[in-house]
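> From the sequence below, what's the structure:
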Amino acid sequence: MVMHKGIGLERFNSLPRTRAIHALYSCCCSVTWAEKVADGRPYPDRAALLKAAEVELPALSEADRDRLFDSFVRQEFTERTTELLTRLTRERINRLLGPSDGYPEY
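So this is what the prediction gives:
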């Protein structure tokens, strides 16, 4: 479940490290992955963030990738490939960021 929805890239880049890790963890359920991606901030654009997220996925152990797939509790998979995991993670990151400037804070 993505708890930080629609925060926008600028707000994501300005989050303290621990909050950025928490936001990314909600996308992929891996602290190792979230730390590596958070430490790459600031990202100049959404594409750079998505690319960094994609690069770190294959570096995870098979057990870590299995846990990531298990985090998608309402979906069943016939195959557990890195390509599928990349697509699913991209979807969650896009929900995290929302529109290009994020949703307004009220």
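> list the helices and strands the longest helix along the chain packs on?
If you go by DSSP state H, the chain has its longest helix at helix 82-97. Applying 3 or more CB pairs under 8 Å, 6 or more residues apart in numbering; DSSP states H and E, one finds that helix 82-97 contacts helix 8-14, helix 17-28, helix 46-56, helix 62-70. All C-beta atoms are positioned from the backbone trio N, CA, C, and that covers glycine.
> what sits up against it?
2, 4-9, 12, 23-24, 26-28, 46, 49-50, 53-54, 57-58, 65, 68-69, 72, 75, 77 (CB atoms under 8 Å, 6 or more residues apart in numbering).
> Okay, buried residues for it please.
85-86, 88-90, 92-94, 96-97 (16 or more other CB atoms under 10 Å).
> and if you look at stretch 49-69?
49-50, 52-54, 56-57, 60, 64-65, 68-69.
> Dump the C-alpha coordinates for that stretch into CSV.
The C-alpha trace of stretch 49-69 is given here as CSV (Å, rounded to 0.1, in the frame of the first residue of the first chain):
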residue,chain,number,x,y,z
LEU,A,49,14.0,8.3,-10.5
LEU,A,50,12.3,5.5,-12.4
LYS,A,51,15.6,4.5,-14.0
ALA,A,52,17.4,4.5,-10.7
ALA,A,53,14.7,2.3,-9.2
GLU,A,54,14.9,-0.1,-12.2
VAL,A,55,18.7,-0.4,-12.0
GLU,A,56,18.6,-1.4,-8.3
LEU,A,57,16.0,-4.2,-8.7
PRO,A,58,18.2,-6.8,-10.3
ALA,A,59,20.8,-6.3,-7.6
LEU,A,60,18.5,-7.7,-5.0
SER,A,61,18.8,-11.3,-3.9
GLU,A,62,16.2,-13.8,-5.1
ALA,A,63,14.7,-14.0,-1.6
ASP,A,64,14.3,-10.2,-1.6
ARG,A,65,12.6,-10.3,-5.0
ASP,A,66,10.3,-13.0,-3.7
ARG,A,67,9.4,-10.8,-0.7
LEU,A,68,8.7,-7.9,-3.1
PHE,A,69,6.3,-10.1,-5.2
